[in-house]
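[1] okay, structure incoming, though there's no sequence with it:
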C-alpha cells in the first residue's frame, strides 16, 4: 500500500523564489521536480501527517504532490493548508488553499471540501485539515507550503 505524506515548511528569503525553495527545504522536498495533481486520493493510500518528509528518492526525480502555498512580500503575513475527506472505501479528496491568515484558509478549505463532497456519490467518514502560517520578516519574502506527497519519487528521465 502506498503512503501519501502531509509535510510542511516555512521560510524567508531575499526573493519570492528563494523563500519558496527554502520552505520546500524545510519540508525536505526541495530536491525534487514537483508534479502537481488535481487532488484525488486513491482508495489504497495510507495518509501520514509527518511535517518533514523522509528520504523519498534521488535528487532531480519527479515527486507527485498536491500543494498549498502562500508567498508574501516583506512584512506581510500568509498561511497555506490542505484538507482532506475520505470515504468508507478509502478514496477521497484533497482541497488546498492559501490566504492572509489561518482562519481564512481553514474556512476556504472546509468550503472546498464540502463542495467536492457534494460532487461525489460517496459516503465520507473521515476529514481533517492542516494549516500553517508563514514566518513574517520585515526585510524578506516569506513562503509557507503544505504538501501532500504521493509515495516516493520517480526518475524524470528515462
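    Arrived safely, thanks for sending. Treat the numbers as computed from the prediction; the structure is a model and nothing was measured.
[2] hey, let's count contacts and neighbours off CA atoms from now on
    OK.
[3] what's in contact with the top helix by length along the chain?
    Looking across the chain with DSSP state H, the single longest helix is helix 102-118. With contact meaning CA atoms under 8 Å, 6 or more residues apart in numbering, helix 102-118 is reached by 78-85, 93-99, 124, 129, 131-133.
[4] helices and strands around the following helix or strand past it, which ones?
    Next along the chain after helix 102-118, taking DSSP states H and E as the criterion, comes strand 124-133. Where contact means 3 or more CA pairs under 8 Å, 6 or more residues apart in numbering; DSSP states H and E, strand 124-133 is packed against strand 79-87, helix 102-118, strand 141-154.
[5] distance from the longest helix of the chain to the middle of the chain?
    Helix 102-118 sits 14 Å away from the centroid of its parent chain (CA atoms, centre = their mean, to the nearest Å).
[6] can I get the helices and strands packed on strand 124-133 in TSV with mean pLDDT?
    Shown next, in TSV, are the helices and strands packed on strand 124-133 (pLDDT from 0 to 100):
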stretch	mean pLDDT
strand 79-87	98
helix 102-118	97
strand 141-154	97
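[7] to residue 50, which of those lies closest?
    When the helices and strands packed on strand 124-133 are compared by CA to CA, strand 141-154 sits nearest residue 50, at 10.2 Å.
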